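1. Quick one, fold the following:
(2 chains)
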Number of protein chains: 2
Amino acid sequence: MAEEVILLDSWVSPFGMRARIALAEKGIKHEHREEDLGNKSDLLLKMNSIHKTIPVLIHNGKPVCESNNIVQYLDEVWHDKSPLLPSDPYLKGQARFWADFVDRKVFDAGRKVWVTKGEEQKSLMEEFIGHLKTLEAELGDEPYFGGEKMGYVDVTMVPIYSWFHAYEVSGNFSFESHCPKLVAWAKRCMQHDSVSKALPDPEKVYEYVLQLRKRLGIE
Amino acid sequence: MAEEVILLDSWVSPFGMRARIALAEKGIKHEHREEDLGNKSDLLLKMNSIHKTIPVLIHNGKPVCESNNIVQYLDEVWHDKSPLLPSDPYLKGQARFWADFVDRKVFDAGRKVWVTKGEEQKSLMEEFIGHLKTLEAELGDEPYFGGEKMGYVDVTMVPIYSWFHAYEVSGNFSFESHCPKLVAWAKRCMQHDSVSKALPDPEKVYEYVLQLRKRLGIE
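-> You can find the predicted model right below:
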């Protein structure tokens, strides 16, 4: 049977980017459908009736929701090419732990920075940088979180790099001076076509962020 | 090599209960160490230096942290007895989706109920019940979330049943009248020794909750 793979996505979403990177790493042919998040499609509302969020992967008519779940699913079904999770249970557990850290700590702290201003924003930015430094310590001297090769934690984390420019311009500061190893790691990931093609132009992300803050009445 | 398995735990934690159920389902001999969460052991702080939370499973000296991660790890290493996750990638993805729903929606909403009062608490209780009804719809007419057998989603969800009594006494209401199928499911799970022995006495949980609310200055 020919595989039918559809990704319901939104260009600026770091969660959508994870699915895009995994699909590209594995060379999976698929149809990409951009959702208007202000006017979600009936298909999205049907396929993710619980959270109503992108990304949703539809594989032969069946939906898989939540980005980390999608990446794990792709890794399990298309396990031969570019494995992302280690096969050893302990290393797999470690990878899941750090992907969860990225989701719950890094992304959450990052999101709060955009919906605040002044001193509150400054303090949240420090918290965000703290989490990035924790990740930097975990990376150590390895080229990737996956070791010698890009893996699951790399795929979950690298999308936020496309948002770094927006943080830097808004806050007039440099990630490179705070987390040089992490920035070097992100640049290393960007040398993969799967990553560089999945991540949008940082200038476009910055424009989006400005609009988001205006819409929320923060600017 | 003899397996050395230690669980750092706290009796009232639904997250700790998940690990206890999985260990019991698989008949894994282990040492149980109760942590004083007001004065955490050096071992806990060392083994989960990132979150400093229980449960932590220490298998032959190596730590596995975060309850759902621990359950998945136990299921992968001890895969022969009482498999908890399905082997089919789609069903596995579905199980992970619902376990994530339990974590992010059900447990989060439940926790908020305990740290609020009055109208706010009432509205949060309604949100909590709403999530339970979503789960009930997902269960449908199956005996377990895992189908014919107790599985991963059952293990992640059933611990909160030991807290139901505390909700009912505080709110003077009945889960059974709101979610009869879910309560029947919980009672079905309680017929397993692995569950009934892992879950504490609901009266003790209620006393704990009262103390918690006093400590937070809510009562």
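2. ok, residue A:190 - contacts?
-> Shown in contact with residue A:190 (Cβ atoms under 8 Å, 6 or more residues apart in numbering or on different chains): A:158, A:161, A:196, A:199. C-beta coordinates here come from the backbone N, C-alpha and C atoms, glycine included.
3. buried ones in the longest helix seen in chain A?
-> In terms of residue count, the longest helix belonging to chain A (DSSP state H) is helix A:118-139. Buried residues in helix A:118-139, counted by 16 or more other Cβ atoms under 10 Å in any protein chain shown: A:121, A:124, A:125, A:128, A:129, A:131, A:132, A:134, A:135, A:136, A:139.
4. With pLDDT and distance to residue A:218 as added columns, please give those residues in CSV.
-> Formatted as CSV, the buried residues of helix A:118-139 follow (pLDDT from 0 to 100; distance: Cβ to Cβ, whole Å):
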residue, pLDDT, distance to residue A:218
A:121, 90, 9
A:124, 93, 13
A:125, 93, 14
A:128, 96, 17
A:129, 96, 20
A:131, 98, 22
A:132, 98, 23
A:134, 98, 27
A:135, 98, 27
A:136, 98, 29
A:139, 98, 32
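5. ok, which of those also contact chain B?
-> residue A:134 (Cβ under 8 Å from any Cβ of the partner chain).
6. ok, the buried residues of helix A:118-139 vs chain B, which is closest?
-> Nearest to chain B among these: residue A:134, at 6.8 Å, using Cβ to the nearest Cβ.
7. which element is the closest residue to the closest one other than its chain neighbours on?
-> Distances taken as Cβ to Cβ, 6 or more residues apart in numbering or on different chains place residue B:50 nearest to residue A:134, at 6.8 Å, with adjacent residues excluded. Remark: residue B:50 resides in no helix or strand, with elements defined by DSSP states H and E.
8. show me what contacts residue B:50?
-> By Cβ under 8 Å, 6+ apart, the contact list for residue B:50 reads A:97, A:101, A:134, B:65.
9. quick one: residue A:100 from chain B, how far?
-> Noted for residue A:100: a distance of 6 Å to chain B, by Cβ to the nearest Cβ, to the nearest Å.
10. and that residue, what does it touch?
-> Counted by Cβ under 8 Å, 6+ apart, residue A:100 has contacts A:68, B:66, B:69.
11. sec struct for it, please.
-> Following DSSP: H, G, I helix; E, B strand; the rest coil, we place residue A:100 in the helix state.
12. So which of the contacts of residue B:50 is surrounded by the most neighbours?
-> residue B:65 (26 neighbours; other Cβ atoms under 10 Å in any protein chain shown).
13. quick one, phi/psi of it?
-> When read as degrees, to the nearest 10, the backbone of residue B:65 gives phi -110, psi 160.
14. now it, nearest residue through space, not along the chain?
-> Nearest residue to residue B:65, sequence neighbours excluded (Cβ to Cβ, 6+ apart): residue B:48, at 4.7 Å.
15. So what's the predicted local confidence for the one you found?
-> Per-residue pLDDT puts residue B:48 at 98.
16. Next: residue A:1.
-> 59.
17. again, but for the one 4 residues further on
-> Listed pLDDT for residue A:5 reads 98.
18. okay but it is in contact with residue A:32, surely?
-> No. At 9.8 Å, residue A:5 does not count as touching residue A:32 under the criterion of Cβ atoms under 8 Å.
19. between those two, who's got more neighbours?
-> residue A:5 (17 against 14).
20. How about that one: what's its closest non-neighbour residue?
-> Residue nearest to residue A:5 in three dimensions, not counting chain neighbours: residue A:30, with 3.8 Å by Cβ to Cβ, 6+ apart.
21. how deep is that neighbour tucked in, by neighbour count?
-> Using other Cβ under 10 Å, residue A:30 has 17 neighbouring residues.
22. who are the neighbours in contact with it?
-> Counted by Cβ under 8 Å, 6+ apart, residue A:30 has contacts A:5, A:6, A:7, A:23.
23. Just those: which are in helices?
-> Among the contacts of residue A:30, DSSP H puts residue A:23 in helices.
24. Which of the contacts of residue A:30 fall within strands?
-> Of these, the ones assigned to strands by DSSP state E are A:5, A:6, A:7.
25. distance of the first one from residue A:173?
-> Just to be clear, that refers to residue A:5. Distance check for residue A:5 against residue A:173: by Cβ to Cβ, to the nearest Å, it reads 40 Å.
26. Equivalent analysis for the second one, please.
-> When distances are taken as Cβ to Cβ, residue A:6 and residue A:173 turn out to be 40 Å apart.
27. In terms of neighbours, single out the busier of the two.
-> It is residue A:6, of residue A:6 and residue A:173, that has more neighbours when counted by other Cβ under 10 Å, with 18 against 13.
28. Tabulate the contacts of residue A:190 (CSV), appending neighbour count.
-> Below are the contacts of residue A:190 laid out as CSV (neighbours: other Cβ atoms under 10 Å in any protein chain shown):
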residue, neighbour count
A:158, 27
A:161, 21
A:196, 12
A:199, 23
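29. circling back to that earlier point, of the contacts of residue A:30, which pair is most distant in space?
-> A:6 and A:23 (10.8 Å; Cβ to Cβ).
30. Would you map the helices across chain A?
-> Going by DSSP H, chain A shows helices at A:14-25, A:42-47, A:67-77, A:89-101, A:108-114, A:118-139, A:152-157, A:161-171, A:175-178, A:180-190, A:193-198, A:202-215.
31. The third one packs against which elements?
-> It refers to helix A:67-77. helix A:14-25, strand A:56-59, helix A:152-157, helix B:89-101 (3 or more Cβ pairs under 8 Å, 6 or more residues apart in numbering or on different chains; DSSP states H and E).
32. Buried deepest among the ones you listed, which one?
-> Mean neighbour count (mean count of other Cβ atoms under 10 Å in any protein chain shown) peaks for helix A:152-157 among these, with a mean of 28.
33. Kindly spell out which helices and strands sit in contact with it.
-> By 3+ Cβ pairs under 8 Å, 6+ apart, helix A:152-157 packs against helix A:14-25, helix A:67-77, helix A:89-101.
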